[in-house]
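Trainee: Would you be able to build a 3D model of this:
(one chain, ligands or ions: 2)
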Amino acid sequence: VSVDQQRRIQVLPPRLANQIAAGEVVERPSSVIKELVENAIDAGARRIDIELEAGGARLIRVRDNGRGIGHDDLPLALSRHATSKIESLSDLEGVQSLGFRGEALAAISSVSRLELFSNTYDDTSQAWRVTAEGRDMQSSVTPAPHPRGTSVTVRDLFFNTPARRKFLRTEKTELNHVEEVFRRLALSRFDIGWSLRHNQKPVHQLGPCDSELAGEQRIATLLGREFLKNALHIDIEATGLRLSGWVGLPTHTRAQADQQYFFVNGRVIRDRLVAHAVRQAYRDVLFHGRHPVFVLYLELDPAVVDVNVHPTKHEVRFRDGRLVHDFLFSSLHKALADVRPAERDSQDQ
Ligand code: ADP
Ligand code: MG
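Mentor: Ligands and ions are numbered 1, 2, ... in the order given. You can find the predicted model right below:
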């Protein structure tokens, strides 16, 4: 389409509008999994099972045992800007759910063959199936068997957007991305049981953790025994902020910053302010070019952090960035200072 061409203004048909929105949130199979699993978590699921075929390009299925979606809400679940999670701007300001934009299912269903089964067990034990088809994304709801909870199946991702389909990498590369997303999600909620299967074979099987030991077992499974052996457990609280988790000893560093997980109120984020505070805390104890490892959880009043910065919600904005920065720096600095003398001479790797 040439820019010089004179055209009338038109409202985009729903599918096209959704496909454009999908460009922001659906990059590859792992992003579909992130969105579907976040919905399962928001639905209060205690068990989440993920299945993939061909790195997710052929099939992605996420099944949960959460509260489900009622019959009358089903067509809405697949429409854009439809959400059960917020009703007003003030809800958004203190939002605690992972989702709130109401666009993931609409976006995913516009670039795949999506089928959703759900059962709420509210008044009947009838479950329903919904799919969205055609240009206008009319959805159809029919009775179907399903236990309490929701399953979403996404087949043939990007089948109708060839330019996007071309960006999918090999099965192995896509699976690696999925595993990384799985790791983050499983690290975000120790109380949930998880499984991941690829091409009918189990990749991960994680029971819910009911003790500290079980939690450490999960860390070891997802990040390796070495991580756990070389990390300090911390739990520090001050001025309405709480920082807990594991920080790697200065003697256990990596050439890449590939084992760094930072969660804000249960949401994994990348943030410059956080990265800076961590770097400062490790500054005197790390060799140049080496990267620390950590899994850290920051909890604070949801009202003082803005999560609506980017469609993928990987970024946040703190109302008082200075306070957060200084709290992170001083907590980590102190934790590391306590071990420093004994560890100083044994920098390895
Ligand atoms: P958002 O999560 O931002 O609300 P989505 O498009 O991801 O938007 O989902 C739309 C709505 O569908 C949600 O608000 C929720 O009510 C419902 N929903 C989606 N997935 C599930 C699920 N696994 N269990 C229960 N409800 C769900
Ligand atoms: Mg969502």
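
Trainee: Need the residues that contact stretch 278-296.
Mentor: Residues outside stretch 278-296 that contact it (C-beta atoms under 8 Å, 6 or more residues apart in numbering): 187, 219, 223, 227, 230-231, 243-248, 250, 252-263, 328-329, 332-333, 336, 340, 344, 347, 349. Just so you know, the C-beta spots here come from the backbone N, C-alpha and C atoms, and that holds for glycine as well.

Trainee: Just the mean pLDDT for it, thanks.
Mentor: Stretch 278-296 comes out with an average pLDDT of 93.

Trainee: mind listing what the closest residue to ligand 2 within the chain touches?
Mentor: For the chain and ligand 2, the shortest gap (C-beta to the ion) falls at residue 99, measuring 2.9 Å. Each residue near residue 99 by C-beta under 8 Å, 6+ apart is listed here: 35, 38, 39, 42, 83, 85.

Trainee: Need those in TSV (columns: pLDDT and distance to residue 275).
Mentor: Below are the contacts of residue 99 laid out as TSV (pLDDT from 0 to 100; distance: C-beta to C-beta, whole Å):
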residue	pLDDT	distance to residue 275
35	97	25
38	97	23
39	97	28
42	98	27
83	94	31
85	95	29
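
Trainee: Compute the number of surrounding residues for the closest residue to residue 257 other than its chain neighbours.
Mentor: In this structure, residue 257 finds its nearest non-sequential neighbour in residue 291, 4.1 Å apart by C-beta to C-beta, 6 or more residues apart in numbering. Around residue 291 sit 18 other residues, with neighbours defined as other C-beta atoms under 10 Å.

Trainee: With the one 4 residues further on instead?
Mentor: Applying other C-beta under 10 Å, we find 24 residues neighbouring residue 295.

Trainee: Now it: which helix or strand?
Mentor: Residue 295 is located in strand 294-299, with elements delineated by DSSP states H and E.

Trainee: buried sites along that strand?
Mentor: 294, 295, 296, 297, 298 (16 or more other C-beta atoms under 10 Å).

Trainee: Helix or strand: which one has residue 214?
Mentor: With DSSP H and E as the criterion, the answer for residue 214 is helix 212-223.

Trainee: cool, and residue 21?
Mentor: Residue 21 belongs to helix 14-25 when assigned by DSSP H and E.

Trainee: Next, the buried residues of the top helix by length along the chain.
Mentor: If you go by DSSP state H, the chain has its longest helix at helix 321-343. Under the neighbour-count criterion of 16+ other C-beta under 10 Å, helix 321-343 has 323-333, 335-336 buried.

Trainee: which residues of the stretch 1-150 of the chain fall in helices?
Mentor: Remark: helices assigned in the stretch 1-150 of the chain by DSSP state H, counting those that start in this stretch are 14-25, 29-42, 74-77, 89-93, 104-110.

Trainee: Please identify the most buried of those helices.
Mentor: Highest mean neighbour count among the helices of the stretch 1-150 of the chain (mean count of other C-beta atoms under 10 Å): helix 104-110, with a mean of 26.

Trainee: tell me which parts of the chain are close to ligand 2?
Mentor: Residues of the chain lying close to ligand 2 by C-beta under 5 Å from the ion are 39, 99, 104.

Trainee: Now do stretch 91-105: distance to the chain's middle.
Mentor: Relative to the centre of its chain, stretch 91-105 is centred 13 Å away, using C-alpha atoms, centre = their mean, to the nearest Å.

Trainee: Find the closest residue to ligand 1 in the stretch 51-200 of the chain.
Mentor: Here the residue of the stretch 51-200 of the chain nearest ligand 1 is residue 99; by C-beta to the nearest ligand atom that distance is 2.3 Å.

Trainee: pLDDT below threshold where in this protein?
Mentor: Within the chain, the ranges that satisfy pLDDT under 70 run 1, 123-124, 133-136, 340-349.

Trainee: Show me how it divides into domains.
Mentor: Domain assignment of the chain by automatic domain parsing yields the ranges 14-206, 224-346.

Trainee: Go through these and pick out the most buried.
Mentor: Highest mean neighbour count of those: domain 14-206, a mean of 18 (counted as mean count of other C-beta under 10 Å).

Trainee: Quick check: end-to-end length of it?
Mentor: Domain 14-206 has an end-to-end distance of 39 Å (C-alpha to C-alpha, to the nearest Å).

Trainee: does any part of stretch 188-201 sit near ligand 1?
Mentor: No - using C-beta under 6 Å from any ligand atom, stretch 188-201 never reaches ligand 1; the gap is at least 12.8 Å.

Trainee: And that stretch, how far out from the chain middle?
Mentor: Offset of stretch 188-201 from its chain centre (C-alpha atoms, centre = their mean): 13 Å.

Trainee: Residues of the chain that sit close to ligand 1?
Mentor: Residues of the chain found near ligand 1 (C-beta under 6 Å from any ligand atom) are 35, 39-40, 43, 64, 66-69, 77, 83-85, 99-106, 150.

Trainee: give me the beta-bridge partners of residue 139?
Mentor: Taking DSSP bridges as the rule, residue 139 bridges to residue 132.

Trainee: got a list of what it touches?
Mentor: 74, 75, 78, 79, 130, 131, 132, 133.
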